[in-house]
Every structure is written in C-alpha cells, then in structure tokens.
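Novice: coords below, sequence missing:
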C-alpha cells in the first residue's frame, strides 16, 4: 500500500462526469519505439550450400595441382582467393590456412604467413593442429634455429595422428610441404653460415642445421664443404658468393655465436 495521500473517489454526478472527461482528453501515453531488428540474413538453401561446397572443392584441387607442379606463387594466389571469397567448413579453412602459411614460409615471406595465421577465427586458433603450427612459425620468426627442426617434426607428427582437424585429403599435402619448408630453411641457413664463417664448428653446424654430425658430413660434402678432422670444423667452399658480410670480414676477428647472431637477421633475405 502506498504511503501517499489518497484521493477520495468522486461522489456527485458532476465530479464523475468531469473525471471521465479528463480521462478522455488526456494525451495518449508515450510508447517507446521497438528496438531495431537485426538485419535479415538470408539462409543459404541446401542447393546453394552444395554449390559453395563444390566451388571450394574445385578451387582447392586447382591449387593442389599447382603445388604438385611446384608453382607455389600460382597456388598462393588461388588459395588466397579461395580463403577470401568462398565459405569453407572449419577443417577446410584450417587446412587452407596451413597450406598458405607453409607456402609463404617456403618462399620466405614471413609477414604474409603471419597475416594468414592470425586472421583465422579464434575457435580455429584453439585447435591442436593450429597450436602446433604456431609453435613452428614462432621459432622461424624469432630465429630459434635449433627449435625449428624439432617443432617441424612435431607438427608433421601431430597432423598425421589427428587428421580430424584438417581436411582428410589435404593432410598428406601439408606434411609434404612441411618437409619442403625444412629443406629450404636448411639451405638458406647453410648459405648464411658459409658467408658468416670461414670455418664452422661441428656443434654450431648441428644446432643451426638440425642434423647430427654424420649426416652433416655427407650433406655438406655434396655442397662442396670439407671437414677438418683435426680441428673438428666444417669449411665452406672457397668459391662461395656472398649476399651479406664477406668471409674475409668475418674472419678478421674470432668467429663466435654472438657474431653470427648479429647478422642472423639477414637469413630470410638470402636467395637460394
């Protein structure tokens, strides 16, 4: 019950008439406008969904054909168009992003790989396959040479054991491109080592190339390097060409890991 002063009810016919008149003449109550309705989004029909799915599958296969022909730039263009213009299922979208990022990393275009990975929806960034790939990319971006190879192996293993997160038929392509990336990354690092040092200690070569000494001995000899058994160092070929600091300038003082790190930022700018 209200504590305010109560108004006595009208008693006479005149009072009742006047009150009724007041009610009739009172302005209508103000009604708040209805809240704005969300825009109507047309739900695609089953036929349209099938058309989108067929279009995505056709463009993916076209990009895969380019990858198999080692036409990586062409494949990147096709996958970018697909990623931007076609509605993909979650596994397809994550697979396309993995392919794109790997192709950019193979071509040594890290900013584009970063953009590809970070524009994925957060729900996909929580997937195990994405997290494993991000660890690999972070090692490359941060120049953690020794970690690149182990993380690439981890990613290669995880997507093989958990294919449900990637489109089934694309798993083997992603695995193959991961191997290709590791090979290209190792070659770029080898080029940098040959321009930074006149001689590379075994432990340093193992760390930066991700291979044990016995395998390095075989691989580096194929590249024209020699091995000094006495000093346990690998010596690059004398006819090397440098896009960075010359071997002569590097040899003017002792070759140390700090000296190497000072120029390591140029590794992604060296051409094969």
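Specialist: Done, it's in. Because the structure is a prediction, the values reported are computed rather than measured.

Novice: number of residues surrounding residue 208?
Specialist: For residue 208, the count of nearby residues is 22 (other C-beta atoms under 10 Å). For glycine as for every other residue, the C-beta is placed from the backbone atoms N, C-alpha and C.

Novice: how about the nearest residue to it, chain neighbours excluded?
Specialist: residue 145 (4.7 Å; C-beta to C-beta, 6 or more residues apart in numbering).

Novice: give the contact list for the one you found.
Specialist: With contacts defined as C-beta atoms under 8 Å, 6 or more residues apart in numbering, the neighbours of residue 145 are 189, 207, 208, 210, 264.

Novice: do you know how far it is from residue 106?
Specialist: From residue 145 across to residue 106, the span is 17 Å (C-beta to C-beta, to the nearest Å).

Novice: same question, residue 67
Specialist: 10 Å.

Novice: identify the contacts common to the two.
Specialist: The contact lists of residue 67 and residue 106 share residue 177, where a contact means C-beta under 8 Å, 6+ apart.

Novice: can I see the domain layout of the chain?
Specialist: 53-185, 187-267 (automatic domain parsing).

Novice: list the buried residues for the host helix or strand of residue 173?
Specialist: Applying DSSP states H and E as the criterion places residue 173 in helix 171-196. By 16 or more other C-beta atoms under 10 Å, the buried positions in helix 171-196 come out as 171, 173-175, 177-178, 180-182, 185-186, 188-196.

Novice: name the helices or strands packed onto that helix?
Specialist: With contacts taken as 3 or more C-beta pairs under 8 Å, 6 or more residues apart in numbering; DSSP states H and E, helix 171-196 sits against helix 46-68, helix 90-106, helix 145-161, helix 202-209, helix 247-250, helix 257-263.

Novice: try 7 Å
Specialist: helix 90-106, helix 145-161, helix 202-209 (3 or more C-beta pairs under 7 Å, 6 or more residues apart in numbering; DSSP states H and E).

Novice: for residue 63, give me its contacts.
Specialist: 75, 78, 79, 82 (C-beta atoms under 7 Å, 6 or more residues apart in numbering).

Novice: shaky segments in the stretch 51-200 of the chain?
Specialist: Applying pLDDT under 70 to the stretch 51-200 of the chain flags the ranges 51-56, 85-86, 160, 162-164.

Novice: run the last query once more with 90
Specialist: 51-61, 81-95, 127-129, 143, 146, 157-172, 191-198 (pLDDT under 90).

Novice: confirm for me that residue 174 is in contact with residue 155.
Specialist: No: using C-beta atoms under 7 Å, residue 174 is not in contact with residue 155, being 8.7 Å away.

Novice: give me the neighbour count for residue 123.
Specialist: 9.

Novice: same check, this time on residue 217
Specialist: Residue 217, neighbours per other C-beta under 10 Å, totals 16.

Novice: quick check: which element contains the spatially closest residue to residue 165 that is not a sequence neighbour?
Specialist: Nearest non-adjacent residue to residue 165, counting by C-beta to C-beta, 6+ apart: residue 129, 4.3 Å away. Here residue 129 sits within helix 128-141, counting by DSSP H and E.

Novice: what does that helix rub up against?
Specialist: Residues outside helix 128-141 that contact it (C-beta under 7 Å, 6+ apart) are 94, 98, 101, 105, 110, 113, 117, 120, 124, 147-148, 151-152, 154-155, 158-159, 162, 165-166.

Novice: give the buried subset of those as a ChimeraX selection command.
Specialist: Only the buried entries of the contacts of helix 128-141 go into this ChimeraX selection, using 16+ other C-beta under 10 Å:
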select :94,98,101,105,113,117,120,124,147,148,151,152,155,158,159,165,166
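
Novice: what sits against residue 166?
Specialist: 91, 94, 95, 98, 129, 159, 174.

Novice: residue 84 now?
Specialist: Residue 84 neighbours (C-beta under 7 Å, 6+ apart): none.
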